[in-house]
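S.K.: sequence and predicted structure, then a few things I'm wondering about:
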Amino acid sequence: MNEANVGTTDQLIVNMGPQHPSTHGVLRVALTLDGERVVSADPDIGYLHSSMEKIAERLDYRQYISYTDRFDYLGAMCNEWVFVRAVERLAGIEVTPRCEHIRLLMAELNRLASHLLYFGAMGIDTGATTVFLYCFRERELILDLFEWVSGQRLLYNFLRVGGLRNDLPDGWVEQCHAAMDALASRVDEYDTLLSENRIFIARTRGIGAITAEEALAYGFSGPCLRGCGVPYDLRRVDGYSLYPELDFEVCVEEGGDCLSRHMVRSRELRESIKIVRQVLARLPEGEVNVPVPRRLKVEPGEVYERIESPRGELGCYLVSDGSDKPWRMHWRAPSFYNLAPLDRLCRGHWMADMVAVIASTDIVLGDVDR
Amino acid sequence: MSIHTIGVIIKDWLIGLLAGWGVPVELSRLLIEVLTWAVGAALCIIAIMLAALVFIYLERKVSGYIQSRLGPTRCGPVGILQSFVDVIKLLLKEDIVPAEADRVLHTIGPILFLAVSALAYVVVPWDEGGTVAGKVDAGVGVLFMAAVGSMGLIGIVVGGWGSNNKWSLLGAIRGAAQMVSYEIPMLLALMCVVLQAETLSLAGIVEDQKGSIIAWNFLRPWMWLPVVLFLISGVAEINRTPFDIPEAESELVSGFHTEYTGMKFALFFLAEYGNLLLVALIFSVLFLGGWLSPFGYPDPLRLPGIIWLLAKSLLIVLIVMWVRWTLPRLRVDQLMGLAWKLMIPAGFVALGVMCAVIMLGWA
Amino acid sequence: MTTNTRQPQSAWALLADIVGGAASVIKGHVVTLRNWLRPKVTGQYPYRDPAKEWVPKPGYRGDFALIHDPERPGGLRCIACMACANVCPDKCIHIIGQGKGKERHPAAFDIDIGLCMYCWLCVEVCPVRAITLTPEYHNVAFTPQELIRDINDLKARGEGIAEPLLPVPIERSVLQPPTAKKKDVSEA
Ligand code: SF4
Ligand code: SF4
């Protein structure tokens, strides 16, 4: 130890992840700690890289849909939706009203399932294990609905260019109503266990705070951005699909900290239940599929289609050269952008806050790495 | 017949036996004394292990039921053998010591942790006049318990340091800070009871509460603050959620026992549950009248005191488990803040109130 | 519970904070207690009692089956057109065809379900709707070899299945109803 070091503390460099219980998959963060204070946090991504974008170039449009499920596996319906929307726009295909309703319904149900998982993960990362299982219990109701209609619980491959794999089975709508009622009655319990719990508030208020300007500069979107007081929700901003006709509120919280992001999701759960109920009430009869050639060739051109996924702005950039395969495609994955300011969010906080910050950005590593 | 009298009978019989073999009485007395301690210690450890196994099972069931699950169901009826199977599994597992770890410290850590936990059991008054090793209490049970109890963190620090893992080290340091801090409010709460009973002997504290449930400490209004303080700091002392920051699995992987496998891990694990039982026992002794029956003294149901004691501890254990599966974890600085800014002042307030009560002659 | 993020200004505020914190904590305990008393939602797998076994809804994408057609050679509806093998993104279907024209049928038909991602595309492209996924989900094995379904296995699994399994009647899905078969083939 030299003279200059006397009286100062050594910094500790630890590897958080890739095998760490609360990095939501395989994120590695090179943490520099001073005692328990975070000096810097350097996220290292790529462990789940699966060349989703390159694979698209060798698969035709129909084959690729089942791949879109697999990067952000918690928002599979949203991923499929944005992809088929992009292809349909490029190919000039109009889908039937019933199909549009069902797609929207699926996206909102998926948002519910994803937010429920977020609640659980936030609980488990702050030490409240029980909330995790409660959320999974309710998430199961939604997954059961998905399983019934699409045959799978997580990776649905349900949407098709020009339609859906199949219509809603008889009795599905009733079960969906029942699931929404059950869920609505339980959401308050999560709030009692987390959002209203003083320990949880102490763990999250003022932690990982970011201003609206910085958040925009970093490319935040979704609940993370709305937690900074920016009312940016593509469902309202773009007003795609049927959202302009539906009555729901864009949930915004001031503060930009973990608690605000958490509260945005907590309120969005209720809003999504509202949306699902409205769509179920106005679900039109009719066909769900429009005829689409088996080997779909789209006009040369490019398109950027975006929707509001549970994690934020999910964009699909597609370039076609007129063949039956995309010439190039790119995903604008919200998790990637929401993870970017990790160092900025964690610096100066405690190591334990790091976990809360990662949980509150609700990243999915498959989505980050693609 | 209390445990103590059984001990005396066995001792006399052994002395007679040894005398028959021509061993001098002084020597045989010494031998017997050593033997008594050894047997007592062995009994303690076996009892702790058994209790820990039962509690691990109980915890899994309780957490299961709270979380809408079933908990273990496969081994034995309603899964009751699950913990035993787990222990056998842990025994059979390879004991891995990380390459760069300090082998000696790595081994000593869990042993120390368990030993300390076992040691404190020596002064628990199980029944009228009975601790495990006879009348060892000697009027300083509270002191002994407090002194030994605070040594548990040495095991944690040694184990965490010896693992040569940064997570373990962080966990160990957190554990040390936490256990030292919470010792203080705990002792302040203890002091209130000591003042009330005017004795440092745990057995004496129970004697002081003699009578039915109305005579117990927890029903005296000036004891309510100490009850809360003791329960909170007790939970903190044994590192359970919401105070489980030394092992905080979502932050520190597994804290100070990250690098432990097999039996060494089991030792940590068992000792943790042993500590849980210990805190519950001490709490029952201090505030719930120990081995006394709630229906008055002598017990109208004629049950052995140990049953009452265990029943009360079980209640406390269930409450502690319920807390664990409900609350999020505090952060390390909040934990310290809670101890130093809130609980220690509150402890002094409680002590002041207690003194006032004594001076006014209400006690 | 006090925190370092908010400092109560007065003794009363501190007291109110403590009481509020304690109340929030106790409320949480009421919730967990209520759930403690609710019926449990998990089951045991595998069940010792087959009656309690979870049966997925029809259309669940589990193990494979080939649909029978007693009038055709080989007893299967499959015409070994290779459409499914070609569309499969994982290339886990391996077929050896036999015969010409109307007589064409698969001599070997292997599906490596260890590789399969249950995307249902093979069912979707089949011009004669000869292949299906079934709700059978007990497809655990000890070796990768056991995960390869051969033609006999697939045929046995197809016992009693008339059309690809879906949660809805076939006309309400992307699968073309039987009458549209001819047009469909030409389009492809
Ligand atoms: S389900 Fe998909 S992956 Fe599996 S065999 Fe059929 S096409 Fe291939
Ligand atoms: S697509 Fe149908 S008919 Fe063609 S080979 Fe596959 S299963 Fe047989």
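M.R.: Sure, I can see it. Ligands and ions are numbered 1, 2, ... in the order given.
S.K.: count of neighbours near residue B:23?
M.R.: By other CB atoms under 10 Å in any protein chain shown, 14 other residues sit near residue B:23. C-beta here means a position set from N, CA and C on the backbone, and glycine is covered the same way.
S.K.: ignoring the adjacent residues along the chain, who's closest to it?
M.R.: Leaving aside its chain neighbours, residue B:23 sits nearest to residue B:31 (7.7 Å; criterion: CB to CB, 6 or more residues apart in numbering or on different chains).
S.K.: all strands of chain C, in order?
M.R.: C:64-66, C:93-98, C:105-112, C:131-133, C:148-149 (DSSP state E).
S.K.: TSV for those strands, including mean pLDDT and distance to chain A?
M.R.: Converted to TSV, the strands of chain C look like this (pLDDT from 0 to 100; distance: least, CB to the nearest CB, whole Å):
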stretch	mean pLDDT	distance to chain A
strand C:64-66	87	13
strand C:93-98	86	13
strand C:105-112	86	16
strand C:131-133	88	7
strand C:148-149	86	18
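S.K.: pipe the ones you listed into CSV and attach distance to chain B and mean neighbour count per row.
M.R.: Shown next, in CSV, are these (distance: least, CB to the nearest CB, whole Å; neighbours: other CB atoms under 10 Å in any protein chain shown):
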stretch, distance to chain B, mean neighbour count
strand C:64-66, 32, 25
strand C:93-98, 38, 16
strand C:105-112, 32, 20
strand C:131-133, 30, 25
strand C:148-149, 31, 20
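S.K.: dump the ones you listed to CSV, plus distance to residue A:221.
M.R.: Below are the strands of chain C laid out as CSV (distance: least, CB to CB, whole Å):
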stretch, distance to residue A:221
strand C:64-66, 40
strand C:93-98, 40
strand C:105-112, 40
strand C:131-133, 36
strand C:148-149, 44
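S.K.: quick one, which of those strands gets closest to residue B:12.
M.R.: Between residue B:12 and these, the shortest separation by CB to CB is 76.2 Å, and it involves strand C:148-149.
S.K.: pLDDT-wise, which helix or strand of chain B ranks last?
M.R.: helix B:3-20 (a mean of 76; mean pLDDT, DSSP states H and E).
S.K.: and the helix or strand just after that one, what does it pack onto?
M.R.: Next along the chain after helix B:3-20, taking DSSP states H and E as the criterion, comes helix B:25-66. With contacts taken as 3 or more CB pairs under 8 Å, 6 or more residues apart in numbering or on different chains; DSSP states H and E, helix B:25-66 sits against helix A:129-150, helix B:3-20, helix B:82-92, helix B:103-119, helix B:262-287, helix B:305-324, helix C:11-37.
S.K.: which one, of the ones you listed, ends up nearest to ligand 1?
M.R.: Of all the helices and strands packed on helix B:25-66, helix A:129-150 sits nearest to ligand 1, with 13.1 Å by CB to the nearest ligand atom.
S.K.: how about that closest one and chain B, any contact?
M.R.: Yes - for a cut-off given as CB under 8 Å from any CB of the partner chain, helix A:129-150 has contacts with chain B, namely A:129-130, A:133-134, A:137.
S.K.: export that helix as CSV, just CAs?
M.R.: Output in CSV follows, covering the C-alpha atoms of helix A:129-150 (Å, rounded to 0.1, in the frame of the first residue of the first chain):
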residue,chain,number,x,y,z
THR,A,129,-41.2,-13.9,-2.6
THR,A,130,-44.9,-14.4,-2.0
VAL,A,131,-46.1,-11.7,-4.4
PHE,A,132,-44.2,-13.6,-7.1
LEU,A,133,-46.4,-16.7,-6.6
TYR,A,134,-49.6,-14.7,-6.3
CYS,A,135,-48.8,-13.0,-9.6
PHE,A,136,-48.0,-16.3,-11.2
ARG,A,137,-51.3,-17.7,-9.9
GLU,A,138,-53.2,-15.0,-11.7
ARG,A,139,-50.9,-15.1,-14.7
GLU,A,140,-51.9,-18.7,-15.1
LEU,A,141,-55.5,-17.6,-15.8
ILE,A,142,-54.3,-15.6,-18.8
LEU,A,143,-51.9,-18.3,-20.0
ASP,A,144,-54.8,-20.8,-19.8
LEU,A,145,-56.7,-18.5,-22.2
PHE,A,146,-53.8,-18.4,-24.5
GLU,A,147,-53.3,-22.1,-24.3
TRP,A,148,-56.9,-22.7,-25.2
VAL,A,149,-56.9,-20.4,-28.2
SER,A,150,-53.4,-21.0,-29.6
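S.K.: any idea how far residue B:81 is from residue A:255?
M.R.: According to CB to CB, to the nearest Å, residue A:255 stands 51 Å off from residue B:81.
S.K.: swap in residue C:81?
M.R.: 57 Å.
S.K.: before we move on, what about residue B:298?
M.R.: 38 Å.
S.K.: so between these two, which is more surrounded?
M.R.: When residue B:298 and residue B:81 are compared for neighbours, residue B:81 comes out ahead with 16 against 11, by other CB under 10 Å.
S.K.: for the more buried one, which non-adjacent residue is closest in space?
M.R.: residue B:75 (4.1 Å).
S.K.: which one is residue C:123 nearest to, not counting chain neighbours?
M.R.: Using CB to CB, 6+ apart and skipping the chain neighbours, the partner closest in space to residue C:123 is residue C:164 (5.0 Å).
S.K.: please disregard the earlier target; I meant residue B:186.
M.R.: Sequence neighbours aside, residue B:233 is the residue nearest to residue B:186 in space, at 4.0 Å (criterion: CB to CB, 6+ apart).
S.K.: ok, now residue B:294?
M.R.: Spatially, and ignoring its direct neighbours in sequence, residue B:294 is nearest to residue B:213 (4.1 Å; CB to CB, 6+ apart).
S.K.: hmm, the one you found is touching residue B:297, no?
M.R.: No - at 10.8 Å, residue B:213 does not count as touching residue B:297 under the criterion of CB atoms under 8 Å.
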